[in-house]
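**Q** Next comes the sequence, and after it the predicted model I'd like to discuss.
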Amino acid sequence: MRHLVTVTLRRAAAASACRPPVPPQRTDRLRDLTLRGTSAGRVHVFTAVVRAVDARGTAATDEHFAADADRERALLGCADVLFTSRSRPLGAARRWLTDVTGAHPGCRLAAAPLAEGGWAILGDAGRQAVVLAPRVPGDQPLLASCLHTWLVAGHDVRSLQDIRVVQGAYGSGSSW
């Protein structure tokens, strides 16, 4: 299914930086996700919302097209963000990231969950994959969209020292 993802990135207020994470309650498929990341001693909050491509929404920091490379092969050439829903060992994930970004140069960021925990991220073709987000489960593909917004805002994925789920919501309907 085609998905347009809207991500808002803002600096966290001091109170929200200390709030403990609330694990998402699963009902069906992930519809939105809030993550908290730390970079250079500052806390940032990412909020991602999945909508159907033809839905109308409000303005946001970043709006992009994301596709699951395992399920949406026909759409890979159009996607700004590619992710895989299948966990892989680190070496296999790095090969997958290199292959998928090489085959789809329009992709700005690709992400693969790791079998050993965390995610392998490739933010620019020709660079090495970054391993991060050990606290973000492999079934949270909106992480890739949040990291895309981080890149669009002018940051480097390597600058995130920590990123974790604060809140996630699941809902019915066609999604990942």
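**A** Happy to help now that I have it.
**Q** ok, the spatially most central residue of the chain to residue 41 distance?
**A** When C-alpha atoms, centre = their mean is applied to the chain, the residue found nearest the centroid is residue 144 (1.7 Å). As for residue 144, its distance to residue 41 is 25 Å (criterion: C-beta to C-beta, to the nearest Å). (Glycine included, C-beta is placed from N, CA and C.)
**Q** list the buried ones in the helix or strand hosting residue 32?
**A** Using DSSP states H and E, the element containing residue 32 is strand 29-39. Neighbour-count burial for strand 29-39, counted by 16 or more other C-beta atoms under 10 Å, picks out 30-39.
**Q** What's the first helix or strand after it?
**A** Following strand 29-39 in sequence, per DSSP H and E, is strand 42-51.
**Q** immediately after that following strand, which helix or strand?
**A** Going down the chain from strand 42-51, the next helix or strand is strand 62-68, by DSSP H and E.
**Q** which residues of this protein score low on pLDDT?
**A** 1-3, 13-30, 51-61, 124-126, 168-176 (pLDDT under 70).
**Q** Okay, helices next: where are they in it?
**A** Using DSSP state H, the helices of the chain run over 14-18, 90-103, 142-152.
**Q** Between all of the buried residues of strand 29-39, which two are separated the most?
**A** The most widely separated members of the buried residues of strand 29-39 are 31 and 39, with 26.4 Å between them, by C-beta to C-beta.
**Q** if I look at residue 77, how far off is residue 142?
**A** 21 Å.
**Q** about what we covered before: which one of the helices of the chain lies closest to residue 83?
**A** Residue 83 lies closest to helix 142-152 among the helices of the chain, at 4.4 Å (C-beta to C-beta).
**Q** what's across from the residue lying closest to residue 145 once chain neighbours are set aside in the sheet?
**A** Spatial nearest neighbour of residue 145, chain neighbours left out: residue 5 (4.2 Å); criterion: C-beta to C-beta, 6 or more residues apart in numbering. Beta-bridge partners recorded for residue 5 (DSSP bridges): residue 50, residue 64.
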